[in-house]
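[1] show me how the following folds:
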Amino acid sequence: MNEAYNKVGSIFTLRYVPWGNAQVAKNGSFECQHGAMECVVNTIEACATHYYPNQSDFWPFVYCMDKHLNLQDPQVAQSCALRLSMQWALMDACYTGDLGHELELMYANETDSLNPPHQYTPWVTINGKHSTEAEGGDLIKAICDAYKGPDKPDACTQ
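    All right, here's what the predicted structure looks like:
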């Protein structure tokens, strides 16, 4: 994704949904495929996209988090946020409070509303349609093929 963002980010709007294969338990808590820390990270990323809705603001944060995949925890998130001049206090209050929970419920509902239903992650949609081409390693080509505007980036003609 980062390569696509760098090469053709000017021609698409990224809707990042930090939910994946998580589930809402009967008691309202979240259960994530890779454990509790994945749920924490999903919520932190949900808060980042809430406070920093422009992809040029939130994507570098998500990418920073992903670079430290084996160490993901709130301290890594704080370090990434500070490195990117983001207000960690806002995100910290969000992910530990009601807002973070509400945002994740919103993403759960959005994921559950996909048609066809998602079966794995990442589940990429382009212009509202599931794209196995994009998931299969040719995200840039899939984005360029879907783009109908003028002035395609050089990466679309390579």
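[2] every contact and neighbour count from this point should use C-alpha atoms.
    Noted.
[3] show residues contacting the helix or strand of the chain with the lowest mean pLDDT.
    Lowest by mean pLDDT, DSSP states H and E among the helices and strands of the chain is helix 132-135, with a mean of 89. For helix 132-135, contacts defined as CA atoms under 8 Å, 6 or more residues apart in numbering pick out 122-124, 139-143.
[4] one more pass at 6 Å, please.
    The contact list for helix 132-135, computed with CA atoms under 6 Å, 6 or more residues apart in numbering, reads residue 142.
[5] go on, stretch 60-74?
    residue 80.
[6] C-alpha coordinates for it, CSV please?
    Only the C-alpha atoms of stretch 60-74 are listed here, as CSV (Å, rounded to 0.1, in the frame of the first residue of the first chain):
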residue,chain,number,x,y,z
PRO,A,60,2.3,8.1,7.4
PHE,A,61,1.1,7.2,10.9
VAL,A,62,-0.4,3.9,9.9
TYR,A,63,2.8,3.1,7.8
CYS,A,64,5.0,4.0,10.8
MET,A,65,2.9,1.6,13.0
ASP,A,66,3.2,-1.2,10.4
LYS,A,67,7.0,-0.8,10.2
HIS,A,68,7.0,-1.8,13.8
LEU,A,69,4.5,-4.7,13.4
ASN,A,70,6.2,-6.9,15.9
LEU,A,71,6.4,-4.2,18.5
GLN,A,72,3.0,-2.6,18.1
ASP,A,73,1.7,-1.1,21.3
PRO,A,74,0.7,2.3,22.6
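[7] buried residues in it, which are they?
    For stretch 60-74, burial by neighbour count (16 or more other CA atoms under 10 Å) applies to 60-62, 64-65, 72-74.
[8] chain center to that stretch, what's the gap?
    12 Å (CA atoms, centre = their mean, to the nearest Å).
[9] how about stretch 114-121?
    How far stretch 114-121 lies from its chain's middle: 15 Å, per CA atoms, centre = their mean.
[10] do stretch 123-140 as well
    For stretch 123-140, the distance to the chain centre is 14 Å (CA atoms, centre = their mean).
[11] where in this structure is pLDDT low?
    69-72 (pLDDT under 70).
[12] now do the strands in it.
    23-24, 30-31, 125-126, 129-130 (DSSP state E).
[13] need these in CSV with mean neighbour count, can you?
    CSV is the format used below for those (neighbours: other CA atoms under 10 Å):
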stretch, mean neighbour count
strand 23-24, 16
strand 30-31, 19
strand 125-126, 16
strand 129-130, 14
